[in-house]
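1. Build me a model:
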Amino acid sequence: MSSALQSALTNLRQNNYESLAMLIAAAYDYVLTFSDEIEYIWTKSWTWVSTLFILVRYAGLCSFALGTSFVPGPPKTYVFDLSSLSGLPHVTDIY
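-> I've put the predicted structure just below:
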């Protein structure tokens, strides 16, 4: 196996482990605060603040769990052209 491929696979595995750790930490926080959520949100009258709370709390977790964790493929690498120092560097290639 080439060293570039091995490096890409190692980075992908590390990224997946980090994503899983963040997902577990967020889920743990949700479990710890669920009793407070029931007491202060679900048993009270429904308001726009309650709606916003539920939307932010659960849409964010679902989006992260379904969309951003465990994405197959190596991470993108950006190559910058620094040959001209007259302006900001620009991306010349993405692979």
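2. ranges for the strands of the chain?
-> 78-81, 90-94 (DSSP state E).
3. so how far is residue 45 from residue 51?
-> Using CB to CB, to the nearest Å, residue 51 is found at 12 Å from residue 45. Heads up, the C-betas are built off the backbone N, CA and C, glycines and all.
4. The two: which has the busier surroundings?
-> Taking other CB atoms under 10 Å, residue 51 and residue 45 do not tie; residue 51 has more neighbours (11 against 5).
5. By residue count, what's the longest helix in this protein?
-> The residue-count maximum for a helix in the chain (DSSP state H) belongs to helix 3-37.
6. quick check: mean pLDDT across it?
-> Taken as a whole, helix 3-37 has a mean pLDDT of 82.
7. let's number from 11 now, not from 1
-> Happy to do that; since the first residue is 11 now, the last one works out to helix 13-47.
8. Going by neighbour count, list what's buried in it.
-> 22, 29, 33 (16 or more other CB atoms under 10 Å).
9. Make CSV out of those and add distance to residue 68.
-> Shown next, in CSV, are the buried residues of helix 13-47 (distance: CB to CB, whole Å):
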residue, distance to residue 68
22, 28
29, 19
33, 14
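10. Tally up the residues packed near residue 63, please.
-> Using other CB under 10 Å, residue 63 has 14 neighbouring residues.
11. residues contacting the closest residue to it other than its chain neighbours?
-> Of all residues not flanking residue 63 in the chain, residue 51 sits nearest, at 5.9 Å (CB to CB, 6 or more residues apart in numbering). With contacts taken as CB atoms under 8 Å, 6 or more residues apart in numbering, residue 51 has the following neighbours: 60, 63, 64.
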